[in-house]
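Student: how does the following fold in three dimensions:
(chains A, B, C and D)
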2 protein chains.
Amino acid sequence: MNVQLLNKKEAIFESTLKLINEHGFHGTPMSQIATHANVATGTIYHYFNSKDELILELFKYCREKTNEHIFNFDEDLAYKERFFYIWNRLVDYYLTHKETFWFIEQFYSSPYYELIKQKKTTYYGVDKMYLFFEEGIKSGIIRNVSFYTLISVYIGSATSHVKMVTYGFCKMQTKGREDLIEIIWNGVKNQ
Amino acid sequence: MNVQLLNKKEAIFESTLKLINEHGFHGTPMSQIATHANVATGTIYHYFNSKDELILELFKYCREKTNEHIFNFDEDLAYKERFFYIWNRLVDYYLTHKETFWFIEQFYSSPYYELIKQKKTTYYGVDKMYLFFEEGIKSGIIRNVSFYTLISVYIGSATSHVKMVTYGFCKMQTKGREDLIEIIWNGVKNQ
DNA sequence: ATTTAGTAATTGAACGTTCATTCGGTTGCA
DNA sequence: TGCAACCGAATGAACGTTCAATTACTAAAT
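Tutor: Residues are numbered from 1 along each chain as shown, chains lettered A, B, ... in the order given. Have a look, this model is predicted:
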C-alpha cells in the first residue's frame, strides 16, 4: 500500500471520526463522509466492505493510536511515578483528541462493541496494563486486588474526568486532576 | 393521564429501551418499537412528537428511576456507611437493570446529550450527591477536593465496574466490588 | 526511451430498500 | 355529542450499496 492510499484511508477515518462525533453513527451518511474526505462515495467501498466495517476499523485505529501514546514512558522511573505518568498521559491524550475519546466511548457503549468483544484477542493496551499492575502487586507497592478492580478505578476515573471537562462541568484545571490521581493512588497503595 | 395511558407510554419506553440496547439508536425503527409495545406506529406519535423526543424523554425516565432507587437510605446511618450504601445501591440497580445502564451510557456519549446539557437545570440526583459530599467535607470526614473530582472517582468507578461485569470480563463477585469501594473510601477519606 | 497491457484506484449516478412521519378514519369513554 | 386515544396503510425523503465507466499507476516488452 503506497502513500497515496494511506492518505485516502486516513482521510476517510478522520472524516468519519469528526462526523460521527457531531451526528452519531447513523446520523452520518456515507455520502457525507465521502464529501468531507474529498473522495467519491464508491471509493470508501474500495477500502471497506461496509459502513459497519469502516466503523470497526476506525475503532481499532483509535485504540491503537491511544495506546501508542500512553505507554512510551521511561522504564527506569519509580513505580509511583509511572502510575501517575500513564494516567496523566491518558487524560492528556483524550483531552487533546476529544473526538477520539468520544468515538471510543460511543463505540464501547453501543451494540457495535459486541462484534469486537467476541474475538477474545487480548490487545496491546490491556496486556501492558496487566503487566504494570502485576508488577505493583508483586513488589508489594499496591494492594493485592483483582486486575479488573484496578482497571475500574484507574481507567474509570480518567474517563470520568475527561467527560466532566469536555461537558464543560469543570474547568480544565491541574488542581482537580492532581487531586484525582492522588486519591486513586491513596486508595490502591499499600498503607 | 389515566392508568391505561401510563401503561401504553411505559410500554413504549420499555420497548424502546430493550430494542435500542440490541440495535442502537438508529438500528431501531419506530415500527419495531410499536410492534414490540403492542401499539400502532401512529400511537407513539400521540405521546411523543418525534423519535428524538421519545429518546430524550426515555433518558429522563431512566435517570429518575435510577435516582429514586439509590437515595432511599436511612438518614441516621454514619457517613461512611452511607458512602458505601449509595455506591452499592447504584451498582446494584445498574446490574439488575442493565438495559437502563447501557441506554444511559449510550445516551451520555452520543450527540443526544448535547440537547439535554444546554438546559442548565440541575436535577435531583446531582443535587443529592452534591449535598452528600459537602456534608462529608464540612465534617472533615473526607478530603476537601472539588465536587467533580469526587463524582469522577465515585461514579466513574461504579460505572466501570458495571461495564466490566456486563462485558463478562469479570464475574459478579462481591469480593471485587468490596475491594473497589474500599479503595475509593481509602482514597477520599481524611487520613 | 517509448509503448503496451494489465491492474488498482476512483468516480458518481442509479437502485432498491428502509424508515420517520402523516393522516383520514375508527373506537371507546365521559 | 364530543374529544382523546388509537390504528395502520400511505408517503416521500434519505441512505447504504452497486456498478459500469474512467483514470492513474506499474512494469514488462520493444
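Student: I'd like to know how far A:Thr41 sits from chain B.
Tutor: According to C-beta to the nearest C-beta, to the nearest Å, A:Thr41 and chain B sit 19 Å apart. No exception for glycine: its C-beta is placed from N, CA and C like everyone else's.
Student: ok, and what's touching stretch A:135-152?
Tutor: A:79-80, A:83, A:129-130, A:133-134, A:188-190, B:157, B:160-161, B:164, B:169-170, B:175-176, B:179-180, B:183 (C-beta atoms under 8 Å, 6 or more residues apart in numbering or on different chains).
Student: please read the previous query as pertaining to stretch A:154-174.
Tutor: Contacts of stretch A:154-174 (C-beta under 8 Å, 6+ apart): A:87, A:90-91, A:94-95, A:98, A:101-102, A:105, A:129, A:176-177, A:180-181, A:183-184, A:188, B:108, B:117, B:146, B:148-149, B:151-153, B:155-157, B:159-161.
Student: may I see the PyMOL selection of the buried members of those residues?
Tutor: Of those, the buried ones go into a single PyMOL selection, burial set by 16 or more other C-beta atoms under 10 Å in any protein chain shown:
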select buried, (chain A and resi 87+90+91+94+101+102+105+129+176+177+180+181+183+184+188) or (chain B and resi 108+146+148+149+151+152+153+155+156+157+159+160+161)
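Student: give me the subset of the contacts of stretch A:154-174 lying in helices.
Tutor: Residues of these located in helices (DSSP state H): A:87, A:90-91, A:94-95, A:98, A:101-102, A:105, A:129, A:176-177, A:180-181, A:183-184, A:188, B:108, B:117, B:148-149, B:151-153, B:155-157, B:159-161.
Student: thought A:Tyr113 was touching A:Ile104?
Tutor: No. Counting by C-beta atoms under 8 Å, A:Tyr113 sits too far from A:Ile104 to count as a contact (9.9 Å).
Student: looking at those two, which is more packed in?
Tutor: More crowded of A:Tyr113 and A:Ile104, by other C-beta atoms under 10 Å in any protein chain shown: A:Ile104, with 20 against 17.
Student: what's the residue nearest to the more buried one when sequence neighbours are not counted in contact with, if anything?
Tutor: In space, and not counting its chain neighbours, A:Ile104 is closest to A:Cys62: 5.5 Å by C-beta to C-beta, 6 or more residues apart in numbering or on different chains. Listed by C-beta under 8 Å, 6+ apart, the contact partners of A:Cys62 are A:Leu17, A:Thr100, A:Phe103, A:Ile104.
Student: look up how far DNA strand C lies from A:Leu90.
Tutor: Here A:Leu90 is placed at a distance of 34 Å from DNA strand C (C-beta to the nearest atom of the strand, to the nearest Å).
Student: I'd say that residue and A:Asn72 touch.
Tutor: No. With contact defined as C-beta under 8 Å, A:Leu90 does not reach A:Asn72; the gap is 11.9 Å.
Student: how about A:Arg143, phi and psi?
Tutor: phi -70, psi 150 (degrees, to the nearest 10).
Student: need the contact list for the closest residue to A:Ala40 other than its chain neighbours.
Tutor: In this structure, A:Ala40 finds its nearest non-sequential neighbour in A:Ala34, 6.0 Å apart by C-beta to C-beta, 6+ apart. A:Ala34 is in contact with A:Ala40, A:Thr41, A:Thr43, A:Ile44, counting by C-beta under 8 Å, 6+ apart.
Student: A:Glu22 too?
Tutor: A:Thr28, B:Pro111.
Student: what about it, which helix or strand?
Tutor: A:Glu22 belongs to helix A:3-23 when assigned by DSSP states H and E.
Student: how is chain A divided into domains?
Tutor: A:1-47, A:60-188 (automatic domain parsing).
Student: can I get the ones you listed in TSV including distance to B:Gly140 and mean pLDDT?
Tutor: TSV is the format used below for those (distance: least, C-beta to C-beta, whole Å; pLDDT from 0 to 100):
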stretch	distance to B:Gly140	mean pLDDT
domain A:1-47	43	89
domain A:60-188	16	93
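Student: in CSV: those, plus distance to B:Ile55.
Tutor: Formatted as CSV, the domains of chain A follow (distance: least, C-beta to C-beta, whole Å):
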stretch, distance to B:Ile55
domain A:1-47, 11
domain A:60-188, 14
